[in-house]
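Visitor: Need coordinates for the below:
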Amino acid sequence: MPNRLAHETSPYLLQHAHNPVDWWPWSPEAFEEARRRQVPVLLSVGYSSCHWCHVMAGESFEDPAVADLVNEYFVAVKVDREERPDVDAVYMEAVQAATGQGGWPMTVFLTPDAEPFYFGTYFPPEPRHGMPSFGQVLEGVRSAWADRRDEVGEVAGRIVADLAGRSLTAALPADRRPPGPDVLHTALMGLTREFDAVHGGFGGAPKFPPSMVLEFLLRHHARTGSAGALEMVQATCAAMARGGIYDQLGGGFARYAVDTTWTVPHFEKMLYDNALLCRTYAHLWRATGSDLARRIAVETADFMVRELRTDQGGFASALDADSDDGTGRHAEGAYYVWTPEQLRTVLGEKDAEFAATYFGVTEEGTFEEGTSVLQLPDTDVLVDAERLVSVKARLLAARARRPRPGRDDKIIASWNGLAIAALAETGAYFGRPDLIQAATDAADLLVRVHMDWQARLHRTSRDGAAGANSGVLEDYANAAEGFLTLASVTGEGVWVEFAGFFLDTVLLQFTSEDGALYDTAADAEALIRRPQDPTDSATPSGWTAAAGALLSYAALTGSDLHRGAAERALGIVTALAGRAPRFIGWGLAVAEAALDGPREIAVVGPPNDPATRALHRAALLGTAPGAVVALGAPGSDDTGEVPLLKDRPLVDGAPAAYVCRHFTCERPTTEAEELGERLRG
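Guide: Numbering: from 1, shown residues only. As a prediction, this is how the structure comes out:
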């Protein structure tokens, strides 16, 4: 019989709906049940494309004996971390504080008042590698709760007091100013020390795509001309694009590489990674004209539209790492890896030999059990281009006949905001109106389904129906970022107006009097601690994303209120830039924009005039950090939504571009080439 999770909409929760564990979703009723029975709560947090979450589910949560133990002595609560990032953040902070590490699945034992007292991540079914079995953990917690409940309560109380006492206010500079040139240079030096000059990227294994750090480096190069900053971007982007972390047949990036060489990926594909990296490669092309960067940006955009777009026009969250390997056994990477024999079966002897050499497929394998992840040579080699196209097409067609990885098809507002920005810019740069339309459709979905009559956002939707969970700071901030980017590409001022609604909510619900930001709204469900994390991880933090969107909105509208809020929010970057530049990359990128102005470009002219289009394209291709672009016809109604366009007439009857910076405007120009020169950073 299905358990309570059968009534949920999260694909991750639905995966556990037929477990013998009597799961509850996160809810007041679950904790009331724990109080009624006087038992602790077992909180298990994961997500649908998490490999080890699936492993622990198969080993433990589907085991009737384990389920009997859980059901008798605990109230079991299952949480999708992507639906409830607030719950995940609060208890992950406790896990990391107690154990020094974290990850998913996350396993936390709570009192009926939701206070944590014992922590872990994955627990095996049998003791191994110094870890107790999950059964031993359950027995130990059960025994402690029965025999030493006062001690358990004291531990929980100390943990909650410690979490409640943590504050970021002390880390904020007293004057709340954004970083100056010296601070950003210090961050560059810190990144240079951590840069892997051999393989690209930063730090050791596992290696995550540093998309937000790369955006900072591109903006820093544009502002200062730093050759070293650009070289780190070029080397890292080339290494990732040629490595196994990139899908050489279908496009798109895996979550991370387990090694330092970008060879072996953790095969799950996340929307946010691909949106961020699509934009990074597009911006690298904009800065250098790199053919490789252009190809990766376009292929990644096409991957998102082909594999992640839903029938409602939004973008699904992820593709699983695991799939059926053809024998009925689920295995990580089974959909993507190849053996020499598989190549011969699809391509024949000669083309298989060519493909094995080109893509690095060996008898020993680069992954496991003689299988290899496809990679490209370290340098461009002369090959028969037509032959390569044919080989890739045949391999892709053969792969499409394999059992496909599962797709988590819930729509997350924040990640769709990132996708909207990436697709809009990629479509504009490379003459792909279909990508701009895909971005527009996703924005329309956020308005129609995720936004209520008070302009408050629901975090998720599925099959066109909004989820019950309220949006968190990153949802409002990244949706605003996507809408502002879409407005700059399309010239449709209504997207600026919607972004303003979201950012007004940021100011009212998420911002404290001292300029600090919280991840949850003031009127959101109260947890044991109100989560607040300014560091950038897999995505821009809500804090730094809000700073960026507030800054751009202020540039378009002239709002001192939003500009001031952006500058106060950037004070945390001043505090963290020297200590942890890898974990404040988007904040550093926004700080570059603030230092540069950002440039405000108003393009005015009839929309179908080739001269208007040429000026608009030159504006979009400008590399000045964080430049904002407004497009409109002279005297159009959109000037009310985009004040930057107000009082911008044609020049001698010709379309014109106006460039302003630091409250000073240059003379307008009617020449696209001259505009491009002004916007080269």
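
Visitor: Okay, now the unreliable bits of the chain?
Guide: Scanning the chain for pLDDT under 70 picks out the ranges 167-176, 380, 636-640, 681.

Visitor: Reduced to three states, what does residue 660 come out as?
Guide: Following DSSP: H, G, I helix; E, B strand; the rest coil, residue 660 is assigned to strand.

Visitor: all strands of the stretch 51-200 of the chain, in order?
Guide: Secondary structure of the stretch 51-200 of the chain (DSSP state E, counting those that start in this stretch): strands at 75-80, 106-110, 116-120.

Visitor: That should have said the stretch 401-550 of the chain, apologies.
Guide: 407-412, 460-462, 465-466.

Visitor: re the thing from before, and residue 216, which of the strands of the stretch 51-200 of the chain is closest to it?
Guide: Closest approach to residue 216 among the strands of the stretch 51-200 of the chain is made by strand 106-110 (29.8 Å; C-beta to C-beta). From N, CA and C alone the C-beta is placed, and that goes for glycine too.

Visitor: can you give me how far that closest one is from the chain middle?
Guide: 25 Å (C-alpha atoms, centre = their mean, to the nearest Å).

Visitor: what's the angle from it to strand 75-80?
Guide: 140 degrees (axes from the mean of the first three to the mean of the last three C-alpha atoms, to 10 degrees).

Visitor: can you put the strands of the stretch 401-550 of the chain in a markdown table and add distance to residue 182?
Guide: Output for these, formatted as a markdown table (distance: least, C-beta to C-beta, whole Å):
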| stretch | distance to residue 182 |
| --- | --- |
| strand 407-412 | 37 |
| strand 460-462 | 42 |
| strand 465-466 | 46 |
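
Visitor: Pipe these into TSV and attach distance to residue 31 and mean neighbour count per row.
Guide: Below are the strands of the stretch 401-550 of the chain laid out as TSV (distance: least, C-beta to C-beta, whole Å; neighbours: other C-beta atoms under 10 Å):
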stretch	distance to residue 31	mean neighbour count
strand 407-412	25	24
strand 460-462	22	24
strand 465-466	25	15
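
Visitor: Name the nearest residue to residue 31, ignoring sequence neighbours.
Guide: Using C-beta to C-beta, 6 or more residues apart in numbering and skipping residues adjacent in sequence, the residue nearest residue 31 is residue 112, 5.6 Å away.

Visitor: try residue 361
Guide: residue 372 (4.2 Å).

Visitor: before we move on, the earlier item: could you tell me the phi and psi values at the residue nearest to residue 31?
Guide: Here is the backbone geometry of residue 112 (degrees, to the nearest 10): phi -60, psi -10.

Visitor: mind listing what it touches?
Guide: Residues near residue 112 by C-beta atoms under 8 Å, 6 or more residues apart in numbering: 31, 34-35, 38-41, 75.

Visitor: repeat for residue 603
Guide: Per C-beta under 8 Å, 6+ apart, neighbours of residue 603: 612, 615-616, 619, 629-632, 655-657.

Visitor: Same check on residue 628?
Guide: 484, 488, 552, 555-556, 598-601, 644.

Visitor: redo that, cut-off 6 Å
Guide: 552, 555-556, 598, 600 (C-beta atoms under 6 Å, 6 or more residues apart in numbering).

Visitor: Check residue 210 too.
Guide: With contact set as C-beta under 6 Å, 6+ apart, residue 210 has these partners: residue 202.

Visitor: mind checking the backbone torsions on it?
Guide: Residue 210 adopts backbone torsions of phi -90, psi 60, taken as degrees, to the nearest 10.

Visitor: ok so, going back, show me which of the contacts of residue 112 is closest to residue 86.
Guide: residue 31 (15.7 Å).

Visitor: helices and strands around the helix or strand hosting the closest one, which ones?
Guide: Using DSSP states H and E, residue 31 falls within helix 28-37. The elements that helix 28-37 packs onto, with contact taken as 3 or more C-beta pairs under 6 Å, 6 or more residues apart in numbering; DSSP states H and E, are strand 75-80.

Visitor: And the strand it packs on, how far out from the chain middle?
Guide: That offset, for strand 75-80, works out to 24 Å (C-alpha atoms, centre = their mean).

Visitor: what residues does it touch?
Guide: 10, 12-13, 16, 21, 23-24, 26, 30, 33-34, 41-45, 47, 70, 87.

Visitor: Which strands border that strand, and is each parallel or antiparallel?
Guide: Applying DSSP bridges, strand 75-80 is found paired with strand 24-25 (parallel), strand 41-46 (parallel).

Visitor: Most tightly packed of these?
Guide: Across the strands paired with strand 75-80, averaging neighbours per residue (mean count of other C-beta atoms under 10 Å) puts strand 41-46 on top, at a mean of 24.

Visitor: Now stretch 228-244: buried residues?
Guide: By 16 or more other C-beta atoms under 10 Å, the buried positions in stretch 228-244 come out as 229-230, 232-244.

Visitor: and which of these is nearest residue 412?
Guide: residue 240 (23.6 Å).

Visitor: Who does the residue lying closest to residue 33 once chain neighbours are set aside form a beta bridge with?
Guide: Leaving aside its sequence neighbours, residue 33 sits nearest to residue 75 (C-beta to C-beta, 6+ apart; 5.2 Å). Going by DSSP bridges, residue 75 is paired in beta bridges with residue 41.

Visitor: number of nearby residues for residue 75?
Guide: Using other C-beta atoms under 10 Å, residue 75 is surrounded by 25 other residues.

Visitor: Now render the strands paired with strand 75-80 as CSV, adding distance to residue 441.
Guide: As requested, those are exported to CSV (distance: least, C-beta to C-beta, whole Å):
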stretch, distance to residue 441
strand 24-25, 30
strand 41-46, 30
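
Visitor: Okay, residue 644 and residue 241: tell me how far apart.
Guide: Counting by C-beta to C-beta, to the nearest Å, the separation of residue 644 from residue 241 is 36 Å.

Visitor: what's the answer for residue 514, then?
Guide: 43 Å.

Visitor: tell me the angle of the helix holding residue 31 relative to strand 106-110?
Guide: With the same axes, to 10 degrees applied, the angle from helix 28-37 to strand 106-110 works out at 50 degrees.
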